[in-house]
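J.: okay, predicted coordinates and the sequence, questions at the end:
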Amino acid sequence: MARMTIWVDADACPVKAEVERVATRYRRRVVMVSNGGIRPSANPLVEMVYVAAGPDEADKRIADGVVPGDVVVTTDMPLAAKVVAAGARAIRPDGSLLTERNIGEALAMRDLMSDLRAADPFRQGGGRAFSAADRSRFLDVLDRLARD
């Protein structure tokens with residue numbers, strides 16, 4: 001079986017440095033996919049892939065490249081559903097692991113929140129801030145996945 005690759009939906013990802021740290025520890029390949037604006041890494045394990053500007057271009061590139069056993073770091077639930085269906089594992093930057101068991105619920109919650117925002121144009125925010133505890137949980141989960 002080929003070695004696992006860690007894919008990162010990199011444009012708004014707050015844990016790129018953590019991904020690099022774990023990948024270096026376990027000698028895992030990282031593919032950071034972005035619409036641009038992200039500096040290249042000097043780390044030889046990190047490949048930067050720049051896609052055309054567009055709402056789903058990075059997601060398409062990741063979904064097309066992922067293979068069973070890979071790990072994808074994303075907050076995008078439709079992308080997470082695609083990679084889980086392809087046999088990969090999806091992890092949010094807060095350390096939440098998305099699996100066949102919980103991806104349906106995550107998609108439903110995303111759709112519900114989208115409907116609520118559409119119904120109330122004055123609704124602001126709603127999400128909680130990214131915290132040090134989220135970063136720590138992410139590191140722990142990614143470390144465990146990279147060891148397997």
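T.: Noted; the coordinates are in hand.
J.: not counting sequence-adjacent ones, nearest residue to I62?
T.: The shortest distance from I62 to any non-neighbouring residue, by Cβ to Cβ, 6 or more residues apart in numbering, is to W7 (5.0 Å). Every C-beta, even on glycine, is put in place using the N, C-alpha and C of the backbone.
J.: give me the element that neighbour is part of.
T.: strand 5-9 (DSSP states H and E).
J.: list the buried residues in that strand.
T.: The neighbour-count check on strand 5-9 (16 or more other Cβ atoms under 10 Å) flags 5-9 as buried.
J.: quick one: which of those residues is nearest to R144?
T.: I6 (12.9 Å; Cβ to Cβ).
J.: quick one: residues in contact with the strand holding W7.
T.: With contacts defined as Cβ atoms under 8 Å, 6 or more residues apart in numbering, strand 5-9 is touched by 16, 19, 22-23, 28-33, 58-59, 62, 65-67, 70-76, 79, 83, 88, 142, 146.
J.: send me it as CSV with only the CA atoms.
T.: Output in CSV follows, covering the C-alpha atoms of strand 5-9 (Å, rounded to 0.1, in the frame of the first residue of the first chain):
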residue,chain,number,x,y,z
THR,A,5,-0.5,11.8,1.8
ILE,A,6,-1.9,14.6,3.9
TRP,A,7,-3.9,17.0,1.7
VAL,A,8,-4.7,20.5,3.0
ASP,A,9,-7.5,22.8,1.8
